[in-house]
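Colleague: What shape does this take:
(one chain, ligands or ions: 2)
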Amino acid sequence: MLVLGIETSCDETSAALVADGKTVLSNIIANQLELHRKYGGVVPEIAARRHTELIGYVINEALDAGDKSLRDVEAVAVTAKQGLVGSLLVGVAAAKTLSYSLKVPLVGVHHIEGHIFANLLSNPEIPLPHVCLTVSGGHTLLVYVRDYCQYELLGGTVDDAAGEAFDKIAKFLDLGFPGGPVIDRLAVQGDRKAFAFPRPLLKAKTFYFSFSGLKTSVINAFKGQLASGETLPLEDIAASFQEAVVDVLLVKTLRAARQREVSAISVTGGVSANRRLREVFADAGNREGIEVYFPALSMCTDNAAMIAAAGHARLIRGQANDLSLDVIPNVPLEVQHVG
Ligand code: KG4
Ligand code: ZN
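Modeller: Residues are numbered from 1 along each chain as shown. Ligands and ions are numbered 1, 2, ... in the order given. Modelled structure (predicted):
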């Protein structure tokens, strides 16, 4: 089944063609970073307007790159849940129009489910069940993936998402947007032990995360250095902050994997591109005898191929939507309890 995927939940306008939920024929991503950079974050109104300008273009590009025409499309999958409401609406309107005019099924996908499938697309061999950590600009979520489309939420952030903390600190330090890749690069030259930043909720037995206090500590450390007239070791701040984030993510994810007795961990979302995170998780996996999987770098950030793959899984389970499909900006991943 050839699925056209559409993703417009935040600031990436993306369309993709995926065959049978596993073969990516095309995955076109138009990002809007330049538009939002001067604001140090995504401005919802600007994002929605830009999606309307780009959506037709990326769909055509996805068809061209996949060497297909609209007549070949057998279903349309679109991100309908979790994201900026104006942005989601653009993708859902386009998907409904195509589904209606092509007379093919429509399926709405939860954005986080898309990220889970991004890693399954990159690594089809990931065993089930497994524990999945989704870390992005909008989410930090631990999920027990019992089977395809069957999830149990273990925990998430109570304040900032991990990527959001990277972005906010980069904004404060005037390093640019998005902050993750810049801090990742700077940290390579820094001393990870230069600052003893807190590891929030590390010892708590729950799977909840909190990054807001860590962000404040980093900002205070920076101000302290500034006030004392010392040279500012931005690389050290970046490396120490990144280490604190990675530490917390690792400890909680490993704890979840042990508790659920799974042999595999999947890490996905924009922050899963982080080099130190990949290194630390891979080392810990080797130590603990747990396989750790990461998506291809092109699949870490928001893209429509992951939505097409998740949509395909829903469609073959008979879960298509009709044209009353609506957007829901903030809703947890659906949890299905079995047996
Ligand atoms: O998944 P994504 O494209 O969008 C959301 O669903 O939020 O993730 C974007 C986030 C941003 O916060 C960005 O700073 C972060 O992923 N990010 C990184 C890296 N690359 C992107 N964070 C840390 N290290 C990176 N290399
Ligand atoms: Zn995302």
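Colleague: contacts and neighbour counts: CA atoms only from here.
Modeller: Noted.
Colleague: Which residue is the nearest non-sequential neighbour of E164?
Modeller: Taking C-alpha to C-alpha, 6 or more residues apart in numbering, and ignoring the residues beside it in sequence, E164 has G137 as its nearest neighbour in space, at 4.8 Å.
Colleague: give the contact list for that neighbour.
Modeller: The neighbours of G137, taking C-alpha atoms under 8 Å, 6 or more residues apart in numbering as the test, are A161, A162, G163, E164, D167, G270, V271.
Colleague: burial count for the second one?
Modeller: Here the number of neighbours of A162 (other C-alpha atoms under 10 Å) works out to 28.
Colleague: Likewise for the fourth one?
Modeller: By other C-alpha under 10 Å, 25 other residues sit near E164.
Colleague: Kindly report the same for the fifth one.
Modeller: Close neighbours of D167, defined as other C-alpha under 10 Å, add up to 24.
Colleague: and it, that one's in a strand?
Modeller: No - read with DSSP: H, G, I helix; E, B strand; the rest coil, D167 is helix and lies in no strand.
Colleague: is it true that it touches G179?
Modeller: Yes - counting by C-alpha atoms under 8 Å, D167 touches G179, with 4.1 Å between them.
Colleague: Dihedrals phi and psi, A304?
Modeller: Torsion angles at A304 (phi, psi; degrees, to the nearest 10) stand at phi -90, psi -20.
Colleague: any idea how far it is from N119?
Modeller: Separation of A304 from N119 (C-alpha to C-alpha, to the nearest Å): 13 Å.
Colleague: In terms of neighbours, single out the busier of these two.
Modeller: When A304 and N119 are compared for neighbours, A304 comes out ahead with 32 against 24, by other C-alpha under 10 Å.
Colleague: The more buried one and ligand 1: what is the separation?
Modeller: Here A304 is placed at a distance of 11 Å from ligand 1 (C-alpha to the nearest ligand atom, to the nearest Å).
Colleague: Against G138, how distant is that residue?
Modeller: 17 Å.
Colleague: same check, this time on E164
Modeller: Distance from E164 to G138, by C-alpha to C-alpha: 7 Å.
Colleague: Close to ligand 1: what parts of the stretch 151-300 of the chain are there?
Modeller: Counting by C-alpha under 6 Å from any ligand atom, the residues of the stretch 151-300 of the chain close to ligand 1 are 163-164, 166-167, 178-181, 184, 269-271, 273-274.
Colleague: rerun at 5 Å
Modeller: G163, E164, P178, G179, G180, P181, G269, G270, V271, A273, N274 (C-alpha under 5 Å from any ligand atom).
Colleague: Pretty sure the first one sits against G270.
Modeller: Read it as G163. Yes - at 7.3 Å, G163 and G270 qualify as touching, with contact defined as C-alpha under 8 Å.
Colleague: Could you name every residue contacting both of the two?
Modeller: Overlap of the contact sets of G163 and G270 (by C-alpha under 8 Å, 6+ apart) consists of V135, S136, G137.
Colleague: E291 bridge partners, please.
Modeller: For E291, the beta-bridge partners under DSSP bridges are A264.
Colleague: in terms of contact, does it touch I265 like I think?
Modeller: Yes - the criterion here is C-alpha under 8 Å, and E291 meets it with I265 at 6.2 Å.
Colleague: how near is the residue of the stretch 1-150 of the chain at minimum distance from ligand 1 to A264?
Modeller: Across the stretch 1-150 of the chain, the shortest distance to ligand 1 (C-alpha to the nearest ligand atom) belongs to G137, at 3.2 Å. Distance of G137 to A264, given as C-alpha to C-alpha: 24 Å.
Colleague: Which elements pack onto the host helix or strand of A305?
Modeller: Of the helices and strands defined by DSSP states H and E, A305 is found in helix 304-315. In terms of contacts (3 or more C-alpha pairs under 8 Å, 6 or more residues apart in numbering; DSSP states H and E), helix 304-315 is packed against strand 2-7, strand 12-19, strand 23-31, strand 75-81, strand 106-110, helix 111-122.
Colleague: orientation of that helix relative to strand 106-110 in degrees?
Modeller: 110 degrees (axes from the mean of the first three to the mean of the last three C-alpha atoms, to 10 degrees).
Colleague: you'd agree P295 is in a helix?
Modeller: No - with three-state DSSP as the criterion, P295 is assigned coil and is not in a helix.
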